[in-house]
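J.: Mind looking at a prediction? Sequence and model below.
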Amino acid sequence: MTGNERLTAIAGAVLIVLLAIEGATIPFLGGLLTVHIFVGMLLLGPVALKLASTGYRAARYYGHSPEYVRGGPPAPAMRFFVAPVLVFSTLTLFGTGVALIAFGRVGPLSLLHKASFIVWVGVMSIHVLVYAVRAARRVVADISRDRVGGAALRQVLVLASLGAGLVVALLTLPIAEHWRHHH
């Protein structure tokens with residue numbers, strides 16, 4: 001369980017950095033649309049890793065794994081409101097972003113992308129505020145001498161998620177450039 005908690009924290013830390021870059025492009029989309037799209041595609045790998053690591057924890061908890069049951073559930077508000085809305089808005093935000101790249105501004109995609117961002121940024125902010133200190137401690141513990149088994153695997157998973165996101169971002173770069181010039 002400790003290894004999964006640390007993986008989730010490290011994935012979250014990577015996401016915070018990349019999301020800050022992505023967020024910085026929003027006020028300047030006219031000139032930074034290609035960067036916005038590139039970083040958005042790069043985020044797909046780490047977002048998938050974070051969803052997988054938290055999904056794994058939930059599956060183990062609800063599957064009655066003794067170690068995860070002892071760890072206990074998240075606070076009720078986080079478990080029943082923030083988490084489901086965060087997952088749904090994340091999938092909607094990134095799904096509509098990918099769809100916009102693939103299809104352009106057809107139908108309500110752009111509006112749905114913007115609306116899901118508004119919902120997502122609110123619940124993501126709550127999530128970060130609740131877990132930031134705990135996550136920071138776990139990241140520091142994992143990179144310090146307080147090693148828990150699986151540290152190398154966690155590093156490989158994080159690097160692989162970044163690598164996968166980078167491949168997608170590089171493959172979509174020509175599409176992003178074309179989209180920017182024609183939309």
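T.: In hand now; what should we look at?
J.: and the residue nearest the centre of the chain, what does it touch?
T.: When Cα atoms, centre = their mean is applied to the chain, the residue found nearest the centroid is residue 47 (2.9 Å). Contacts for residue 47 were tallied using Cβ atoms under 8 Å, 6 or more residues apart in numbering; they are 15, 90, 94. C-beta coordinates here come from the backbone N, C-alpha and C atoms, glycine included.
J.: helix, strand or coil for the last one?
T.: Reducing the assignment at residue 94 to three states with DSSP: H, G, I helix; E, B strand; the rest coil gives helix.
J.: what about it, how many neighbours?
T.: 20 (other Cβ atoms under 10 Å).
J.: List the contacts of it.
T.: With Cβ under 8 Å, 6+ apart as the criterion, the residues that contact residue 94 are 40, 43, 44, 47.
J.: Quick one: buried ones out of these?
T.: Buried members of the contacts of residue 94, counted by 16 or more other Cβ atoms under 10 Å: 40, 43, 44, 47.
J.: quick one: average confidence on stretch 57-73?
T.: For stretch 57-73, the mean per-residue pLDDT is 91.
J.: now residue 8, nearest residue through space, not along the chain?
T.: The spatially closest residue to residue 8, leaving aside those adjacent along the chain, is residue 53, at 4.3 Å (Cβ to Cβ, 6 or more residues apart in numbering).
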